[in-house]
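**Q** generate a structure from the sequence data that follows.
(4 chains)
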Protein chains: 2
Amino acid sequence: MTEQSQSTTLEQETETNDNSVSTVRAYEDVIAKIRKLISDEDMGPGDALPSERRLSDLFSVSRHSVREAIRVLQEQGVLAPKRGSGNYIRSSTREELTRALSSLVSGDARRLFEVFQLRELIEPQITALAAEMILPEQLAEMDQLLRTQMTTEDLSELQKIDRSFHALIAKATGNTLLSDLMDKISASIDPSRTEGHQSEERRVASITGHCRILAALQAHEPDAAAEAMRDHINDIKHAVSPDTP
Amino acid sequence: MTEQSQSTTLEQETETNDNSVSTVRAYEDVIAKIRKLISDEDMGPGDALPSERRLSDLFSVSRHSVREAIRVLQEQGVLAPKRGSGNYIRSSTREELTRALSSLVSGDARRLFEVFQLRELIEPQITALAAEMILPEQLAEMDQLLRTQMTTEDLSELQKIDRSFHALIAKATGNTLLSDLMDKISASIDPSRTEGHQSEERRVASITGHCRILAALQAHEPDAAAEAMRDHINDIKHAVSPDTP
DNA sequence: TGACGATAATTGGTACAACCAATATAACTT
DNA sequence: AAGTTATATTGGTTGTACCAATTATCGTCA
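**A** Below is the predicted model of the structure:
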């Protein structure tokens, strides 16, 4: 057994991620990486994951952390462990859905309007649901994220924050399908959001919108949250493509 | 140093009809024991669980198994770990929601619930949009489809009709992304629960729901259409998995 | 040659021991 | 009494070893 050459827990920050506060547990990272592995490697139902030992080596974490991640994935119905054999991807409606979705939103140009229309339909609803389900520490995390947004100048960083904000809301619903779906949608919009519309005015508008949404979430008011999100998305849409109703 | 004297956990005499691997995992036992501990000890929100080491000693399992159980419990919203302090019982609102709705049992029910939750969020909105956009010939097509549904007995045919009905609505929005998305969602639900809810009563209920929806579409009334679809989906959900709110 | 059975390698399941970092508590200093 | 510093406790992570179920491999026998 090759002894790992990793001296300590030197967490090389895979990506300039996150806004400090939230204690990043290793297993959460592993969950994301396994999901990414599945979609990147184009693995489908019935396929076997690499062994736990291989995964722990691949991700440079302990097998224990890998197993914690697999436990969660199993509990979510994504994986089915088979002792002595491997961890298998379940014939999961969810995985098939998310996989299909990622290919759906791959288009561009004319589809931009359609993606925004989808967002307009679904995100206010998600936000309303989140207003009922969100947990105190998730509210705290969003609050922290918003504060960071207010004091950040870097555009790419702001973009990341914005995306995290919307991702956190979806996650707060407790529905992993919704969370994944929003992730795909955000990913498909991101590239187009890069271009030019990042004026100071836009930044202020974004913060204002987020404030309204967060306030509604903190108050646990679904209707207000949905409306705030609706306005926010409409706002974004106009910024991206000015000549739409 | 007394080596663990537990070789007793290997009773495999339970030849349960269980289709999957029968082996009982330790962490599942621990989950049950922790839940029992909470209710027996009458612990409420905010209280701290015994430490992981104490629990592992108490249950005569490794800390790893305890931690896997706690991971799951945490993911279900029952516990909130605080490093350096302890595992705390969360305010119960979230748990009641998730428990009652999804994570009570296996991942299957949860997946199904998540898909339905997505449908509940998105399909009424789609229907409302369709009420504004739908064309006369599309209305005629749906009308024809509904008449066919009324005079068809074949189950697989009825299923196909039902799916077409929902697909037509999505198509009527003119948004191909929405249309494709609904198609994938329908496809992901179809295979899972084809049987079970196909009584005569269900058939009538389905037709009734479709009638209401179509009427609202014909009248171009978005709100009524959305509400009709909401009720319809709720109806389906109850038929597929009873005892959900 | 082909079928069969023992053997070895791989894999998930569990256990134990150690360490880190955050937290809480006790002890100490001022 | 208040603030500061040790110290013990706790969750988070890692490493290692072993077991049991499964799979792959190989050798023997008919």
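**Q** for the rest of this, base every contact and every neighbour count on C-alpha atoms.
**A** Will do.
**Q** for A:Thr173, give its distance to DNA strand C.
**A** 25 Å (Cα to the nearest atom of the strand, to the nearest Å).
**Q** residue contacts, that residue?
**A** A:126-127, A:129-130, A:133-134, A:179 (Cα atoms under 8 Å, 6 or more residues apart in numbering or on different chains).
**Q** and the residues you listed, which is closest to B:Arg35?
**A** A:Met133 (21.5 Å; Cα to Cα).
**Q** for the residue nearest to the closest one when sequence neighbours are not counted, grab phi and psi.
**A** Among residues not flanking A:Met133 along the chain, A:Thr173 sits closest, at 5.6 Å (Cα to Cα, 6 or more residues apart in numbering or on different chains). Note on A:Thr173: backbone dihedrals following degrees, to the nearest 10 are phi -70, psi -20.
**Q** how close does A:Thr173 get to B:Gly77?
**A** Distance, A:Thr173 to B:Gly77, by Cα to Cα, to the nearest Å: 12 Å.
**Q** near the residue of chain A found nearest chain B, how many other residues are there?
**A** Using Cα to the nearest Cα, the single residue of chain A nearest to chain B is A:Gly77, 4.1 Å away. Residues lying near A:Gly77 (other Cα atoms under 10 Å in any protein chain shown) number 22.
**Q** now the one 5 residues further on
**A** One way to gauge burial is a neighbour count; for A:Lys82, by other Cα under 10 Å, it gives 13.
**Q** please enumerate residues in contact with the longest helix belonging to chain A?
**A** Secondary structure of chain A per DSSP state H: the longest helix is helix A:111-133. Here helix A:111-133 makes contact (Cα under 8 Å, 6+ apart) with A:105, A:169-170, A:172-174, A:178, A:185, A:189, A:216-230, A:233-234, A:237, B:94, B:121-122, B:125-126, B:175-178.
**Q** average pLDDT across it?
**A** Mean pLDDT, helix A:111-133: 90.
**Q** and after it, which helix or strand comes next?
**A** helix A:136-150 (DSSP states H and E).
**Q** enumerate the positions of that next one that are buried.
**A** A:138-139, A:141-143, A:145-146, A:148-149 (16 or more other Cα atoms under 10 Å in any protein chain shown).
**Q** next, the buried residues of the next helix or strand along the chain from it.
**A** Using DSSP H and E, the helix or strand that follows helix A:136-150 in sequence is helix A:155-172. Neighbour-count burial for helix A:155-172 flags A:157-159, A:161-172 (criterion: 16+ other Cα under 10 Å).
**Q** so helix A:155-172 versus helix A:136-150, what angle?
**A** 160 degrees (axes from the mean of the first three to the mean of the last three Cα atoms, to 10 degrees).
**Q** pull the CA atoms of helix A:155-172 into CSV?
**A** Taking C-alpha atoms only, helix A:155-172 is exported to CSV below (Å, rounded to 0.1, in the frame of the first residue of the first chain):
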residue,chain,number,x,y,z
LEU,A,155,-15.4,41.4,-11.3
SER,A,156,-14.8,37.7,-11.5
GLU,A,157,-15.0,37.4,-7.8
LEU,A,158,-18.3,39.3,-7.8
GLN,A,159,-19.6,36.9,-10.4
LYS,A,160,-18.7,33.9,-8.3
ILE,A,161,-20.4,35.5,-5.3
ASP,A,162,-23.5,36.1,-7.3
ARG,A,163,-23.6,32.5,-8.4
SER,A,164,-23.0,31.3,-4.9
PHE,A,165,-25.9,33.4,-3.7
HIS,A,166,-28.4,31.8,-6.0
ALA,A,167,-26.9,28.4,-5.4
LEU,A,168,-27.3,28.7,-1.7
ILE,A,169,-31.0,29.5,-2.1
ALA,A,170,-31.5,26.4,-4.1
LYS,A,171,-29.6,24.3,-1.6
ALA,A,172,-31.7,25.7,1.2
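**Q** quick one: is it near chain B?
**A** No - Helix A:155-172 lies apart from chain B when judged by Cα under 8 Å from any Cα of the partner chain; the minimum separation is 10.4 Å.
**Q** can you map out the helices along chain A?
**A** A:26-40, A:52-59, A:63-75, A:93-104, A:111-133, A:136-150, A:155-172, A:176-194, A:200-218, A:222-240.
**Q** residues in contact with the last one: which ones?
**A** Put plainly, it is helix A:222-240. Here helix A:222-240 makes contact (Cα under 8 Å, 6+ apart) with A:116, A:119-120, A:123-132, A:192-193, A:197, A:202, A:206, A:209-210, A:212-214, A:216-217, A:244.
**Q** let's go with 7 Å and repeat that
**A** A:116, A:120, A:123-125, A:127-129, A:131-132, A:193, A:197, A:209, A:212-213, A:216-217, A:244 (Cα atoms under 7 Å, 6 or more residues apart in numbering or on different chains).
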